[in-house]
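# Got a sequence here, can you build the structure:
(one chain, ligands or ions: 1)
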Amino acid sequence: MVLIKMKILVIGGAGYIGSHTVKELVKEHNVIVYDNLETGHEELVDKKAIFVKGDLADKDKLNSVFKDNKIDVVMHFANHALVAESVENPSKYFENNVFNGINLLDVMVKSNVNKIIFSSSCAVYGIPKEIPIIEGHTLNPINPYGESKMMFERILRYYDVAHGIKSISLRYFNVAGASLDCTIGEKHDIETHLIPIILDAALGKKEYMEILGDNYGTYDGTCIRDFVHVVDVANAHLAALGYLVKNMQTKSYNIGTGQGYSVKEIIELCKQITGREIKTLIKEKRKGDPPVLVANSDRFNEEIGWNAKFSITDMIQHAWNWHQKNN
Ligand code: UFG
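Alright, predicted model coming up:
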């Protein structure tokens with residue numbers, strides 16, 4: 001579908017998934033990135049986008065961005081996203097992911113902007129009863145992070161009823177990889193994600209990587225995850241944008257590949273792709289880790305026409321290219 005050029009406000013566009021989405025968006029649209037740079041990095045923001053340093057809590061600043069620009073659609077990535085931290089500090093998660101998110105919605109209402117795409121998460125499902133997980137699965141988050149995502153999805157539905165704000169919530173599974181030209185990638189000050197941690201061990205930055213539990217009831221005892229390439233996730237946002245503008249309906253969709261890999265399988269693939277030795281150590285399970293998370297993304301594929309293009313080896317190869325360049 002050919003879309004007219006729009007002005008997209010990307011909240012949290014200097015973060016990992018946000019910056020990859022901005023890189024794709026600027027090819028077709030005018031983009032303003034609004035980010036407080038707490039966990040994001042300005043150098044990841046494409047030069048074709050306008051950058052505004054600002055916090056989601058700063059309602060005046062948000063108001064002025066909407067006042068100075070005729071925003072067509074908002075994309076909202078600016079959430080805290082560490083499960084373990086959310087268990088220790090729930091206030092941080094509810095305050096930013098829910099309360100500050102409401103600031104954004106209220107400014108949208110005031111500014112007559114009625115379209116938003118929200119970064120949700122598979123964490124809304126908790127420990128799934130059925131695999132692969134469909135969107136209709138019970139929402140039963142088991143930590144404040146997942147709870148905050150579920151709450152915000154629900155708030156979005158109420159803002160549709162009250163104010164006609166239409167939203168698409170994308171429930172990402174495990175996002176991995178980096179841009180194909182190796183200009184941007186995953187850059188977290190505190191790294192908790194599996195693939196970058198394994199690649200740190202491959203680079204010798206860590207003596208070994210820890211396998212967090214090898215006695216789950218899975219085929220090799222380690223957790224199984226559905227990894228999806230960050231560029232596929234970015235393109236899912238562009239597809240969702242076209243759909244939202246055309247259909248003006250509030251919806252939630254899973255974004256995954258439908259293919260699960262165990263932690264041990266990912267380590268093996270990383271060994272093959274990097275050609276490096278990767279030492280491992282078996283540790284205790286991490287609290288709140290569901291044994292298996294695999295998406296059924298048929299709804300998004302069928303209704304919106306998006307398909308993941310990249311394989312797990314692409315994800316690891318692209319992450320490795322980026323990791324070597326940036327460490
Ligand atoms: N893991 C290890 N060792 C590590 C890091 C991770 O064995 O050093 C394991 C974890 O225990 C888990 C798997 O690798 O089984 C994947 O862990 P990640 O931290 O990379 O990703 P998660 O599955 O925990 O996180 C994803 C999303 C979150 C979402 C969560 C829902 O990144 O946004 O799923 O459970 F909230």
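
# so who does the nearest residue to Lys271 once chain neighbours are set aside touch?
Leaving aside its sequence neighbours, Lys271 sits nearest to Ile278 (C-beta to C-beta, 6 or more residues apart in numbering; 5.4 Å). Any C-beta I mention is one placed from the backbone N, CA and C, and that applies to glycine too. Listed by C-beta atoms under 8 Å, 6 or more residues apart in numbering, the contact set of Ile278 reads 198, 201-202, 208-209, 267, 270-271.

# And for Glu284?
212-213.

# quick one: it from the ligand, how far?
10 Å (C-beta to the nearest ligand atom, to the nearest Å).

# One more: Val292?
Taking C-beta to the nearest ligand atom, one finds Val292 at 9 Å from the ligand.

# what's the average pLDDT for the longest helix anywhere in the chain?
Counting by DSSP state H, the longest helix found in the chain is helix 144-163. On average, the pLDDT along helix 144-163 is 98.

# on contacts alone, who are the packing partners of it?
helix 83-88, helix 90-93, helix 101-110, strand 115-121, strand 166-172 (3 or more C-beta pairs under 8 Å, 6 or more residues apart in numbering; DSSP states H and E).

# picking that back up, closest to Gly217 among the contacts of Ile278?
Using C-beta to C-beta, Ile267 is the member of the contacts of Ile278 that sits closest to Gly217, with 19.4 Å.

# Could you list every helix and strand that the lowest-mean-pLDDT helix or strand in the chain packs against?
Between all helices and strands in the chain, the lowest mean by mean pLDDT, DSSP states H and E belongs to helix 83-88, at a mean of 91. Applying 3+ C-beta pairs under 8 Å, 6+ apart, we find helix 83-88 packed against helix 90-93, helix 144-163.

# any idea how far the residue nearest to Asn254 when sequence neighbours are not counted is from Gln259?
Leaving out its chain neighbours, the residue that sits closest to Asn254 by C-beta to C-beta, 6+ apart is Ala295, at 4.2 Å. According to C-beta to C-beta, to the nearest Å, Ala295 stands 9 Å off from Gln259.

# Between these two, which has more neighbouring residues?
Ala295 (29 against 15; other C-beta atoms under 10 Å).

# What parts of the stretch 1-150 of the chain come near the ligand?
Neighbours of the ligand within the stretch 1-150 of the chain, by C-beta under 6 Å from any ligand atom: 81, 83, 121-123, 145.

# Please produce TSV containing the helices and strands packed on helix 144-163, extended by mean neighbour count.
Shown next, in TSV, are the helices and strands packed on helix 144-163 (neighbours: other C-beta atoms under 10 Å):
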stretch	mean neighbour count
helix 83-88	17
helix 90-93	16
helix 101-110	18
strand 115-121	24
strand 166-172	24
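
# Quick one: those as a markdown table, columns for distance to Lys5 too.
Output for the helices and strands packed on helix 144-163, formatted as a markdown table (distance: least, C-beta to C-beta, whole Å):
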| stretch | distance to Lys5 |
| --- | --- |
| helix 83-88 | 38 |
| helix 90-93 | 36 |
| helix 101-110 | 20 |
| strand 115-121 | 15 |
| strand 166-172 | 20 |
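
# can you tell me which of those the model trusts least?
helix 83-88 (a mean of 91).

# before we move on, back to that, overlap in contacts of Ala295 and Gln259?
Joint contacts of Ala295 and Gln259 (C-beta under 8 Å, 6+ apart) are Asp226.

# Could you tell me which residues make contact with the residue lying farthest from the centre of the chain?
Going by C-alpha atoms, centre = their mean, the residue of the chain most distant from its centre is Glu277, 29.6 Å out. Shown in contact with Glu277 (C-beta under 8 Å, 6+ apart): 202, 271.

# if we can go back for a sec, with the residues of the stretch 1-150 of the chain next to the ligand in mind, which one is nearest to the ligand?
Nearest to the ligand among these: Ala123, at 3.3 Å, using C-beta to the nearest ligand atom.

# Thanks a lot, catch you later.
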